[in-house]
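Participant: this is a predicted model, with the sequence first.
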Amino acid sequence: MKYFYLLLIVISLISCSEEPKSEYNPKAIELNEKALNLSLNCKYDSALLLYDKAIEIDERYHVPHSNKVTIYLHQKEYDKALYESEIVIKKKPDLAEAWFFSGLLNEQQGNSKKAMTYYRKSIAIYTARINNPEKKKYINANKLNRALAKKFVNDRSYMKDFEELRDDENYSMLIDQFKDKSKAEIIKELTK
């Protein structure tokens with residue numbers, strides 16, 4: 001189940017960034033994609049080298065940092081995962097998924113106060129996306145992610161958000177996965 005959640009996060013980070021690829025150096029994008037294939041085949045050291053080369057070519061490109069987080073979690077190198085996650089926030093401060101995931105990593109490392117700040121920031125960004133008519137394409141993903149972040153700050157309105165998505169077959173299984181688990185259980189699954 002851990003890998004299901006990680007896959008969900010990676011997909012969210014990539015799909016919800018809503019940036020045209022042309023904004024970044026094509027060679028950096030190519031190296032990132034090659035590294036991702038290596039990573040999927042458990043060739044982590046080689047993947048990390050290509051991610052670093054992609055970053056070197058285009059320092060603005062945040063996606064390789066997100067992908068490095070996944071590798072470091074797999075290797076149980078939580079300090080490195082948190083470091084890369086923080087870089088994503090610096091490079092892409094409007095990426096709610098990065099704020100939420102950095103919150104998870106901070107909480108896992110025992111920094112609950114910083115985690116709560118990050119969760120709240122992610123909620124604000126998700127809410128802005130939901131309310132923006134130009135960003136309706138991913139509205140349900142944003143509602144689901146916002147609901148999960150609300151759960152993490154003990155905002156009971158997350159239940160209403162989950163119920164709004166219940167009839168969408170694409171989200172009902174995810175709701176069932178998140179709704180009844182405690183924050184500690186979710187963090188453990190995502191960071192073990």
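Facilitator: In hand now; what should we look at?

Participant: how does the protein divide into domains?
Facilitator: In the assignment given by automatic domain parsing, the structural domains of the chain cover 1-16+95-192, 19-92.

Participant: so what's the gap between the longest one and the chain middle?
Facilitator: In other words, domain 1-16+95-192. 8 Å (CA atoms, centre = their mean, to the nearest Å).

Participant: pLDDT averaged over it - what is it?
Facilitator: Domain 1-16+95-192 shows a mean pLDDT of 83.

Participant: got it, and the last one?
Facilitator: For domain 19-92, the mean per-residue pLDDT is 93.

Participant: picking that back up, columns mean neighbour count on top of the domains of the chain, output as CSV?
Facilitator: Any C-beta I mention is one placed from the backbone N, CA and C, and that applies to glycine too. Compiled in CSV, the domains of the chain are given as follows (neighbours: other CB atoms under 10 Å):
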stretch, mean neighbour count
domain 1-16+95-192, 17
domain 19-92, 18
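
Participant: residue 54 contacts residue 28, doesn't it?
Facilitator: Yes. Counting by CB atoms under 8 Å, a contact exists between residue 54 and residue 28, whose distance comes to 4.3 Å.

Participant: so what sits against both of these two?
Facilitator: Between them, residue 54 and residue 28 share these contacting residues under CB atoms under 8 Å, 6 or more residues apart in numbering: 61, 64.

Participant: what about the nearest residue to residue 92 once chain neighbours are set aside, distance to residue 94?
Facilitator: The shortest distance from residue 92 to any residue other than its chain neighbours is 4.4 Å, reached at residue 62 (CB to CB, 6 or more residues apart in numbering). In this view, residue 62 and residue 94 are 11 Å apart by CB to CB, to the nearest Å.

Participant: swap in residue 183?
Facilitator: With distances defined as CB to CB, the gap from residue 183 to residue 94 amounts to 25 Å.

Participant: do residue 159 as well
Facilitator: When distances are taken as CB to CB, residue 159 and residue 94 turn out to be 27 Å apart.

Participant: next one: residue 126
Facilitator: According to CB to CB, residue 126 and residue 94 sit 11 Å apart.

Participant: then residue 37?
Facilitator: For residue 37 relative to residue 94 (CB to CB), the value is 28 Å.

Participant: next: residue 45.
Facilitator: In this view, residue 45 and residue 94 are 32 Å apart by CB to CB.

Participant: again, but for residue 147
Facilitator: 19 Å.

Participant: residue contacts, the closest residue to residue 146 other than its chain neighbours?
Facilitator: Distances taken as CB to CB, 6+ apart place residue 126 nearest to residue 146, at 3.6 Å, with adjacent residues excluded. Shown here is residue 126, whose contacts under the criterion CB under 8 Å, 6+ apart are 96, 142-143, 145-146, 149.

Participant: could you say which helix or strand holds residue 126?
Facilitator: In this assignment (DSSP states H and E), residue 126 forms part of helix 112-131.

Participant: leaving out chain neighbours, which residue sits closest to residue 157?
Facilitator: Counting by CB to CB, 6+ apart, the nearest residue to residue 157 once its immediate chain neighbours are dropped is residue 150, at 5.9 Å.
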